[in-house]
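Novice: Fold the following and give me the result.
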Amino acid sequence: MNKWGLSLFFLVCTAVAQNYPVRPIKLLVGVPPGGPTDAVARSIAPDLSEALGQPVVVENRSGASAVIATDAVAKAPPDGYMLAFVFITHATNPTLVAKLPYDTLKDFAPVTQVGAQTMLLVAHPSLPVSSVAQLISLAKSQPGKLDYAASDAGSAPHLAGELFKLMSGTAITAVHYKGTAPALTDTLSGHVPLMFVSNITGLPHVQAGKLKALAVTGAQRSPLAPGVPTVAESGLPGYEVVPWYGVVAPAKTPKSVIARLHAEIVKIVRKPEVKARLSGQGIELIGSRPEEFDALIRSEMVKWEKVLKAAGVHAES
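Specialist: Next up is the predicted model:
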């Protein structure tokens with residue numbers, strides 16, 4: 001491209017950015033409707049539509065650990081009209097998915113981390129433990145005999161279990177299910193004695209006496225369960241698993257478009273009514289700067305690659 005062509009290209013990009021948006025925006029979510037990730041995306045979409053003056057349509061393209069949706073955004077025109085609502089699998093897929101069709105670091109422009117949500121380590125009442133220390137002791141006395149329920153490999157509950165296993169020196173074993181619902185059903189029935197589950201999903205069963213809450217996975221105790229200690233304070237210092245949610249755009253999206261999206265999403269997550277709605281679901285709203293979200297993704301990729309490889313979990317060819 002000669003200098004005149006390059007100048008024209010930048011003039012067009014500038015015009016597009018200044019007029020953005022002029023048509024509806026798609027926000028792709030790589031999971032089916034109804035789960036916490038989808039719920040957070042749908043909680044911010046109406047306010048974002050109002051702020052931008054164009055419809056923001058949440059579209060679920062589930063499958064392949066969110067790769068289908070994410071790949072569609074990676075290959076979309078970099079104009080801000082197709083975005084991805086990503087979560088922790090965005091950082092684990094480079095380790096778990098052979099021949100990933102995009103480059104997680106090069107093919108996306110981070111917009112913001114929207115929020116995060118800690119989990120509970122719960123046990124069936126029949127398991128003779130009431131603390132993390134007792135669980136570790138029991139697991140070490142019965143190596144390989146204690147299972148924990150988890151959804152897909154690389155899901156947040158699986159990551160939480162593998163990090164726990166690695167840091168505690170135990171040999172608990174993941175039993176995988178197609179989703180949280182069947183995993184929770186088997187934990188409630190006692191078929192599997194342990195599970196890492198979101199606070200909002202697990203707490204009602206704890207309050208009903210159907211499960212025991214041993215710990216929360218965040219660095220601090222959850223406001224929803226202030227009496228439940230963290231895993232870190234219960235004998236595994238440094239343990240922390242906090243599933244997160246955020247928005248990314250295709251790489252090379254104009255910086256002014258990224259800045260507009262970032263500014264409007266941050267305003268939304270700071271609205272008292274939005275905070276109240278999502279904090280009741282155990283979600284902490286964040287609204288980080290693009291460079292902060294980029295740093296989070298990079299650090300999570302490094303962290304979970306080490307954990308998954310130590311657990312012997314590798315990409316299938």
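Novice: Strands of the chain, start to end?
Specialist: With DSSP state E, the ranges of strands along the chain come out as 25-29, 56-60, 82-87, 108-117, 119-123, 147-150, 173-176, 194-198, 212-216, 244-250, 283-285.
Novice: So which bits of stretch 69-82 are buried?
Specialist: Neighbour-count burial for stretch 69-82 flags Ala69, Thr70, Asp71, Ala72, Val73, Ala74, Ala76, Pro78, Asp79, Gly80, Tyr81, Met82 (criterion: 16 or more other C-beta atoms under 10 Å). (Each C-beta comes from the backbone N, C-alpha and C, glycine too.)
Novice: Show the contacting residues for the fourth one.
Specialist: Contacts of Ala72 were listed using C-beta atoms under 8 Å, 6 or more residues apart in numbering, and they are Leu28, Arg61, Met82, Ala84.
Novice: Which members of those are the farthest-apart pair?
Specialist: Arg61 and Met82 (10.8 Å; C-beta to C-beta).
Novice: shared neighbours, these two?
Specialist: Shared contacts of Arg61 and Met82, counting by C-beta under 8 Å, 6+ apart, come down to Leu28, Ala72.
Novice: re the thing from before, point out the ones among the buried residues of stretch 69-82 that are inside helices.
Specialist: Within the buried residues of stretch 69-82, residues falling in helices by DSSP state H are Ala69, Thr70, Asp71, Ala72, Val73, Ala74.
Novice: As a markdown table, those with distance to Leu48 and pLDDT would be great.
Specialist: As requested, these are exported to a markdown table (distance: C-beta to C-beta, whole Å; pLDDT from 0 to 100):
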| residue | distance to Leu48 | pLDDT |
| --- | --- | --- |
| Ala69 | 18 | 97 |
| Thr70 | 19 | 97 |
| Asp71 | 23 | 98 |
| Ala72 | 19 | 98 |
| Val73 | 16 | 98 |
| Ala74 | 21 | 98 |
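Novice: Quick one: those as JSON lines, columns for distance to Val57 too.
Specialist: Listed next are these as JSON lines, based on distance: C-beta to C-beta, whole Å:
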{"residue": "Ala69", "distance to Val57": "13"}
{"residue": "Thr70", "distance to Val57": "17"}
{"residue": "Asp71", "distance to Val57": "19"}
{"residue": "Ala72", "distance to Val57": "14"}
{"residue": "Val73", "distance to Val57": "14"}
{"residue": "Ala74", "distance to Val57": "19"}
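Novice: and of those residues, the nearest to Val307?
Specialist: Using C-beta to C-beta, these come closest to Val307 at Thr70, 21.1 Å.
Novice: ok, back up a step: possible to save the buried residues of stretch 69-82 as TSV with distance to Asp147?
Specialist: Output for these, formatted as TSV (distance: C-beta to C-beta, whole Å):
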residue	distance to Asp147
Ala69	31
Thr70	31
Asp71	33
Ala72	36
Val73	36
Ala74	36
Ala76	41
Pro78	45
Asp79	47
Gly80	45
Tyr81	45
Met82	40
